[in-house]
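**Student:** below are the sequence and a predicted model for it; my questions follow.
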Amino acid sequence: MSRLRAMLSTTAVRLSALYLGLFALCAVAMLFYVTAISEGMQRDRTQSAIANELRIVAGAYRGGGVAGLVRIIERRSRQPGANLYAIASPVGDLIAGNIAALQPGVLDEEGWTTLPFRYQRIGDAADDGHRALAQVVFLPNGMRLMVGRDLGEREQVRGLVRQALGIALAIMFAGALAIWYFVGRRALKRIDHMSEASKKILAGDLSQRLPVNGSGDEFDRLSLSLNTMLGRIERLNEGLRQVSDNIAHDLKTPLTRLRNRAEAALADDGGAQAHREALEQMIADSDQLIRTFNALLMISRVEAGSSTAQMSEVDLSGLAADAAELYEPAAEEQGIKLTADIAPGITIRGNRELLAQALSNLIDNAIKYADEGAVPQIAVTLTSNLNEVRLAVSDTGPGVPADRREDVVKRFVRLDESRSKPGTGLGLSLVQAVTALHGGTLQLNDASPESEDNPGLAVIMVLPGEK
């Protein structure tokens, strides 16, 4: 009983009941409409047949008088499927015809009977209850002539129509109940499966996903949307866990060094100059920590999409040219040749500050590692087609192994385990977040696959092209 109540409360069952009710109303309205049309057509046909018969009988009366009228009525009333005929005296007594008795008052008025009347045909039982429609004519001598037609055929048609529609409604109702049961039961099963998966998710297992059976219905669309959301939540939780671990690992050392310098400065009696140098070193360490936390904050804001409100048309060609020009002197100081191959006139919709920050991170990383190559070089390229824009920074450094490319875009992950290079391991994470914010993808490839020692690294921001 509880399962039946649960099934009756589902949207599918309620919609089925609503459709059944609407269809039943339409069927009943159609019943009355078809019946009315059928009765109208039958009535018109009956009146036409009676009027035609009355003209024939009237012609016999004009040619042979009352005697000729009686003869033709007696003859036509004995034919199979004959109409109703009656000749009555001025006081209403039946004289000739095939009618044994009439409903009182039928012969009192000339013209068409307004309503069907009851009669008894000669030779029928008294309780047969026939009904008919007729036209009454008053003859010049006061006698009354009635020609009519039995309505049994019309009532049979109406009864058949109602019976057929009743059977159709019964079949439809039975089918609706069956659909009710099976559709509701199927919906309940899917909801039960979704509830079971939800309980596991609430218990902390974010790897669980809501079931999708591939039908493409509203349950599948809801499950796909929720599964996408769960996947994002799982990635964010995993990223948060990794960030917590990496912060504990990567920030412990500079914080410890900062404390040790402060302790050494307190214990040192070298005078004001020594204390000043210690404070300057502590300020430098503090600035590095602040930059790290600022980078983390920016990545979090970008991943949360907080900068989407500042989207505008960005001249990406000009932005890339300015960045290459800005970093060219710094690259020359390291003995690195920086070249730029930038297609002109490329614009996209995005956030200029974030794109500039991402490109600066890529060029800065390239400068750090390109000097390890035999002929250190950095190339900034920008190309476009109808569907996408590709902004790439490649270098001639040691590159990144294929099995580590998914790791280097994570926060605080650095292939330089000895930390001999400056940095926090957040540069590519920010680039990944900015690219995703703009609806693009980040690709990491070998810049020179033919070189085994220094294949280099090509980082490509693939962004949607201008619509």
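**Tutor:** Nice, I can see it. Note that the structure is a prediction, hence the values are computed from the model and not measured.
**Student:** what's the helix or strand for the residue lying farthest from the centre of the chain?
**Tutor:** Here the chain reaches farthest from its C-alpha mean at residue 67, the gap being 84.1 Å by C-alpha atoms, centre = their mean. For residue 67, the host element (DSSP states H and E) is helix 11-77.
**Student:** so for that helix, mean pLDDT?
**Tutor:** For helix 11-77, the mean per-residue pLDDT is 78.
**Student:** what packs against that helix?
**Tutor:** strand 84-88, strand 94-97, strand 130-138, strand 144-150, helix 152-202 (3 or more C-beta pairs under 8 Å, 6 or more residues apart in numbering; DSSP states H and E). All C-beta atoms are positioned from the backbone trio N, CA, C, and that covers glycine.
**Student:** angle of that helix against strand 144-150?
**Tutor:** Relative orientation of helix 11-77 versus strand 144-150 (axes from the mean of the first three to the mean of the last three C-alpha atoms, to 10 degrees): 140 degrees.
**Student:** return the distance of helix 11-77 from the chain's centre.
**Tutor:** 51 Å (C-alpha atoms, centre = their mean, to the nearest Å).
**Student:** so that helix versus helix 152-202, what angle?
**Tutor:** Relative orientation of helix 11-77 and helix 152-202, computed by the same axes, to 10 degrees: 170 degrees.
**Student:** quick one, helix 11-77 and strand 84-88 angle?
**Tutor:** Using the same axes, to 10 degrees: helix 11-77 against strand 84-88 is 50 degrees.
**Student:** what about the closest residue to residue 90 other than its chain neighbours, distance to residue 63?
**Tutor:** Counting by C-beta to C-beta, 6 or more residues apart in numbering, residue 90 lies nearest to residue 142, which is 3.7 Å off, once chain neighbours are set aside. Remark: distance between residue 142 and residue 63 (C-beta to C-beta, to the nearest Å) = 20 Å.
**Student:** what of residue 462?
**Tutor:** Separation of residue 462 from residue 63 (C-beta to C-beta): 105 Å.
**Student:** domains for this protein, by residue range?
**Tutor:** Domains of the chain are assigned by automatic domain parsing as 12-155, 206-245, 251-303, 309-464.
**Student:** now render those as CSV, adding distance to residue 194.
**Tutor:** Formatted as CSV, the domains of the chain follow (distance: least, C-beta to C-beta, whole Å):
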stretch, distance to residue 194
domain 12-155, 14
domain 206-245, 5
domain 251-303, 28
domain 309-464, 29
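**Student:** if you compare those domains, which one is most tucked away?
**Tutor:** domain 309-464 (a mean of 18; mean count of other C-beta atoms under 10 Å).
**Student:** quick one: average pLDDT of that one?
**Tutor:** If you average the pLDDT over domain 309-464, you get 82.
**Student:** distance from it to the middle of the chain?
**Tutor:** 39 Å.
**Student:** the residue nearest to residue 90 touches residue 88, doesn't it?
**Tutor:** No - if you go by C-beta atoms under 8 Å, residue 142 and residue 88 don't touch, sitting 10.0 Å apart.
**Student:** and residue 100, its phi and psi?
**Tutor:** phi -90, psi -30 (degrees, to the nearest 10).
**Student:** wait, it touches residue 122, no?
**Tutor:** Yes - applying C-beta under 8 Å, one finds residue 100 in contact with residue 122, separated by 4.6 Å.
**Student:** ranges for the helices of the stretch 201-350 of the chain?
**Tutor:** Assigned by DSSP state H, counting those that start in this stretch, the stretch 201-350 of the chain shows helices spanning 218-250, 252-267, 272-303, 316-333.
**Student:** and the last one, what does it pack onto?
**Tutor:** Going back to what we said before, that points to helix 316-333. Against helix 316-333 (3+ C-beta pairs under 8 Å, 6+ apart) you get strand 337-342, strand 347-350, helix 352-370, strand 377-384, strand 388-395.
**Student:** all set, thanks.
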